Structure formats: structure tokens, C-alpha cells
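[1] after the sequence you'll find the predicted model.
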Amino acid sequence: MDSNGGGEVCRILRELKTLKASKSDIERRISDLEAQLRELNLNNGTVVPNGSSCTLMSTVDSGFGHGLSADMIYRYSRQLLIPSFGVQAQSNLLKSSILVVGAGGLGSPALLYLAACGVGRLGIVDHDVVELNNMHRQIIHTEAYIGQPKVKSAAASCRSINSTIQIVEHKEALCASNALEILSKYDIIVDATDNAPSRYMISDCCVVLGKPLVSGAAVGLEGQLTVYNYNGGPCYRCLFPTPPPTTACQRCSDSGVLGVVPGVIGVLQALETIKIAAAVGEPLSGRMLLFDALSARIRIVKIRGRSLQCEVCGENTAFTQKQFSEFDYENFTQSPLSTSPLKLNLLPADSRISSKEFKERIVNGEANVLVDVRPPHHYKIVSLPGSVNIPLSRLESRLPEISSFLNETKERKALNPDSVPSLYVICRRGNDSQRAVQLLHKMGFTIAKDIIGGLESWAQDVDQNFPTY
Amino acid sequence: MQLTLEFGGGLELLCDSVKIHNINVALQNGIEKLTMKDLLSWVRTNLIKERPEMFMKGDSVRPGVLVLVNDCDWELSGQLDTTLEEKDVVVFISTLHGG
């Protein structure tokens, strides 16, 4: 019965895989054809039914002096009915071009609303692919696109909401050498990135090109939002002339993030962008919005104006396009533009063992103590059986516990008086475990060894069913 | 002097993960005013439980920390020389980069 059931499951899984592959292939072809059709329509200015009940919007001015066609009037009618927005703001919006850098947690909702509200041209920059652990917050992507470029997935979602606007895909990493060319094609830039060097680079580029920048950030349960380089207001460097230490830059992949938090900030980024593009209201320049999800509080604070001493936008500075394109942002912030995790190498080879070798030693019945130095909330997600949790931050004060674990193991395994159990240290990726081993060596535990690559390498090389996060 | 201090953007982790602190700073004899400079050194001594370098650099806050006195950037009130008054609210917030 068991083996039959297993066979059936395998057959279904195989069929699902095949069907999903053909589904995503068909979706890709549909998306390509739609893009082609749109190009043709834009060039000819003709109306062609696109196969569904909806027809592509006429680009022909209906002759009411505001440039909106009949289809546009109907589609955007609920915005046209707002007295302080109206047809003039919508007309401005339709003529605007917006670039969203990053199709992640912030970019997802920002892009969806910007596409829906009817901006003229919407550019998306991202070099990443969609992953399962993105789905909880990057709501523009669907499961069918896992493994595919985020730009493609985001563009397809935007097109499915509004097939009448122009969507431009920039499937590349934004860097100082291509930023000027890409950003110069747009009126307003939305920073929806996830790292410090990108934020400095995008702000500097906006100053050099004279573009307003709608900047959002979110980690954990908090978010921040402001508009830089708008109407004589400050730029990012006016506020943060010196980059923070790298240890102060939390990332979602380390510190976590509740999906809805970047959602809130991304939606507000779309709002600020719409206000600037449509020329309505008071954009959030010279002010900053601070969002604390846990206490349900939003605070809007007054921030400094443009700094005369700013190295990029200041009175006597001449930060040129050439200087910008040659500026080393990774060196300036001491952190990489991509968010690939750090891979430290702090220890000599004889103080480290691979996860495979560690597994062999367990199988051979070696007496050992395994210390897991991750924070307790990580340990609660998943841990290796038999490991003890002593977080790195508490390690120094809890050394006596390690001594007693070693003694217990020695007694339990009835080792002879001269031999001592092995001492291994593990963490999530193998960086903190090296720091811990360094500390242990210094404190006299010279036998301590680090398990290379941590639990991630255990999941990859030893037990493929071991959860990763 | 009674003040409300708030830590955010991860800085609260340096003070036992408590975000809001209602504090009472005793003024030294003969001195009637408290400046931000005085307050920073009080915070460092009394509230920061770990990694003080993540909060301060020299006698000011480290790069990437915004200081707000009554919801206003301290750059606009004189930074370290800002004079505090009874019941003021001072916010220390680390700038976020994630998304």
C-alpha cells in the first residue's frame, strides 16, 4: 500500500511539474505577443481587439482638450471625479514617466498602483529572480514565476492590470556605469532597493540629472519614507553625509520583515510619485514619515533642508556626471551593491570541518558537543538534534556551560581520562560560528571547530529535507 | 528634568529592546539647562546596554542615526547644543536600507 501510494505521488508530482513548465512557457509567449501587439498599436495609433472582452485603449485624443481618449476617461473615471485631482492631474500623470528601482517588497505594491493609476511610461529595474521566500511580501510576483527574472514577472503583472501604458523592462543590476543612461529616460525615480550603496548611488544620480527621488525603506516592523531632491529640498547625502557602519545595515534576509510593512511604505511611495507626476498636493519633501507597525504609529517629522556643504548637491560642489559614473559606491559604503550574503574566512583550515565530515563523525559515534550560536528565535525555527543554543552575543558569559557540557559528554561516553570530546560550533551560514570559534580559542577552548557553511551547507550537502530560511 | 526618549530602526536593540523610555535626568548643581550633548552622555551611561559604538561616535551619534527633538531634526535646533526643556520628546532612529 505504502509503495503504491508513493508511486502515485511521484506520478502526480511529475505531471504537475510538466504542466507547470508548459504553463509558464505559454504565459511567456502570451506576454511576448502582447508586448509586440502593444508596440504595433503605439506605432500605428490603431485600436485592435486583443482577444479578450477588453479592447486596447485608443491613443487618439477624444478632442476635449485634455488628451484623454474615451477609453481613458472611462478607465480613470474614479480619479477624474476627485475635485482636487481631476482630468488635468490625470492628463499630467499620463504624460509622465516613472522608474522603479527594485521589484521587491517596496517595488511590488508601488509598481502595481503606478501601473493601475495610469502613468504614461513605467520602467522597472531589477537583476534578481523570484524566490519562494519573496512571495510573502513581493506581491507582484506569482508562484508560476519562481526562478524567473523579477522584471519579467513584474512587467507581466503590470500589463495584466493595465495593458494601455508603456512598460519598460531593465533586466540588469543598476550600477554607476549604467545609472545615468537608464535614469535619464524618466521624470521621477522610485528607490525601492534594499541596500545602502544603491541608495547613495541613486540619490547622487538623481542630483546629477535633476530628478526627484521617492525613497522608501522597510525592515522588520518599521518603515521610512521621504522625497529627496525635490524643489530645492535635501538629497540623501544632505541627511546622511557619512555612510553608516556596515554592521548597522540590517537586511530583510537577516533581520526579517513582515510582508505588509514594505507593502505600506511601497503604496505610500506610489502615492508620493503620483502627487509629483500629477502636480497635486504637497510631496513629502523636507519631511520624513516613520512607520512603526507594532505600536500602530505613524509620525511625520521635519528634516533638515538642502545642506550648503553637501558634497553632491551643495553650494560650491560640482559633482559631475563623469565623477558620478566613476564613483565607487561599494567602497564608499563598505558594502556590496548586491545583497549576496557575506562569506567570512577567519580561521585556519584545521579549525574548520565540512558539514559532510561532521555527519560522518556523528555516524561513527564520536563524542562531541555541538553549540549553535544563532539567536534564540532562529534556533526555534529549526535546529540539529542534540545541539545546544548559546547565542554569540551571550557566549562569553556562558562559557562555564560549555565546560559542563564537555564534562557531561565525557562521563556519558565513558571516555578515558586523557581524551576530551570534540567541540563544534554551528550557525546559519558559517560566519558567526567562525567569530564564536575565534572567541572560544582566545578563552582557552582551543579544540573548538567551526562547521563550514553552517546549517545552509548541512541542508545542501547532508540532508536535503532540512529546512532553510 | 522629565523627558521621553524613543529608539527606533533597530537602536532599541541596544537598550533591552525597549523603544520608549520615560526618564528623569538630574541636573547638576548650579546648572539649569540640559543640552543634547549632556543627554547623549546620560543615555550612553544609563540606557545603552550593549555595543555603544552602534549608537555613538565620538561625542555625537554615529553616522546613519537621525535625532529628532519634538519631531524636528536636531540639525535645525543646533545639534549637540540644542537645549532641552521639561517634557521634551527626543527620538533616535537608525536609517533603514532594506526593502
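    Great, that's in hand. Numbering: from 1, shown residues only, chains lettered A, B, ... in the order given.
[2] need the contact list for A:Lys211.
    Under the criterion of CB atoms under 8 Å, 6 or more residues apart in numbering or on different chains, the neighbours of A:Lys211 are A:Leu183, A:Tyr186, A:Asp187, A:Ile188, A:Ile189, A:Cys205, A:Asn229. All C-beta spots, glycine's among them, are computed from the backbone N, C-alpha and C.
[3] number of nearby residues for the last one?
    Applying other CB atoms under 10 Å in any protein chain shown, we find 28 other residues in the vicinity of A:Asn229.
[4] likewise the third one?
    When neighbours are counted by other CB under 10 Å, A:Asp187 registers 17.
[5] surely it touches A:Ala277?
    Yes - with contact defined as CB atoms under 8 Å, A:Asp187 reaches A:Ala277; the gap is 6.8 Å.
[6] distance of A:Phe319 relative to A:Val267?
    Distance, A:Phe319 to A:Val267, by CB to CB, to the nearest Å: 32 Å.
[7] and B:Asp59, by the same measure?
    Computed as CB to CB, the B:Asp59 to A:Val267 distance reads 40 Å.
[8] coming back round to it: need the residues touching each of A:Asp187 and A:Ala277.
    Going by CB under 8 Å, 6+ apart, residues that sit against A:Asp187 and also against A:Ala277 are A:Ser96, A:Ile98.
[9] still on that earlier bit, of all the contacts of A:Lys211, which comes closest to chain B?
    Ranked by distance to chain B (CB to the nearest CB), these are led by A:Ile189 at 14.2 Å.
[10] tell me the secondary structure at that closest one.
    Secondary structure state of A:Ile189, per DSSP: H, G, I helix; E, B strand; the rest coil, is strand.
[11] bridging residues for it?
    A:Ile189 has these beta-bridge partners by DSSP bridges: A:Leu99, A:Leu213.
[12] check B:Gly8 too.
    Residues in a beta bridge with B:Gly8, per DSSP bridges, are B:Ile93.
[13] that one contacts B:Lys19, doesn't it?
    Yes - with contact defined as CB under 8 Å, B:Gly8 counts as touching B:Lys19 (6.4 Å).
[14] for the residue in chain A positioned nearest to chain B, which residues are in contact?
    Here the residue of chain A nearest chain B is A:Pro244; by CB to the nearest CB that distance is 2.7 Å. By CB under 8 Å, 6+ apart, the contact set of A:Pro244 is A:Ala196, B:Arg62, B:Pro63, B:Gly64, B:Val65, B:Ser94, B:Thr95.
[15] now, of those residues, which are buried?
    Burial by neighbour count, judged by 16 or more other CB atoms under 10 Å in any protein chain shown, picks out A:Ala196, B:Arg62, B:Gly64, B:Val65, B:Ser94, B:Thr95 from the contacts of A:Pro244.
[16] please produce CSV containing those, extended by distance to A:Cys175 and secondary structure.
    Shown next, in CSV, are the buried ones among the contacts of A:Pro244 (distance: CB to CB, whole Å; DSSP: H, G, I helix; E, B strand; the rest coil):
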residue, distance to A:Cys175, secondary structure
A:Ala196, 14, helix
B:Arg62, 27, coil
B:Gly64, 22, coil
B:Val65, 28, strand
B:Ser94, 26, strand
B:Thr95, 22, coil
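[17] on the pLDDT front, check the residue in chain B that chain A sits nearest to for me.
    Using CB to the nearest CB, the single residue of chain B nearest to chain A is B:Gly64, 2.7 Å away. B:Gly64 is assigned 96 on the pLDDT scale.
[18] got it, and the one 3 residues further on?
    Residue-level confidence at B:Val67 comes out at 98, pLDDT.
[19] what helix or strand is it on?
    Element membership of B:Val67, judged by DSSP states H and E, is strand B:65-69.
[20] paired strands for the next helix or strand after that strand, with orientation please.
    On the C-terminal side of strand B:65-69, the closest following helix or strand by DSSP H and E is strand B:83-84. With DSSP bridges as the test, strand B:83-84 is paired with strand B:34-35 (antiparallel).
[21] I'd like the average pLDDT over the partner strand.
    On average, strand B:34-35 scores 94.
[22] ok, residues contacting that strand?
    B:Met1, B:Val25, B:Leu27, B:Leu80, B:Asp81, B:Thr82, B:Thr83, B:Leu84.
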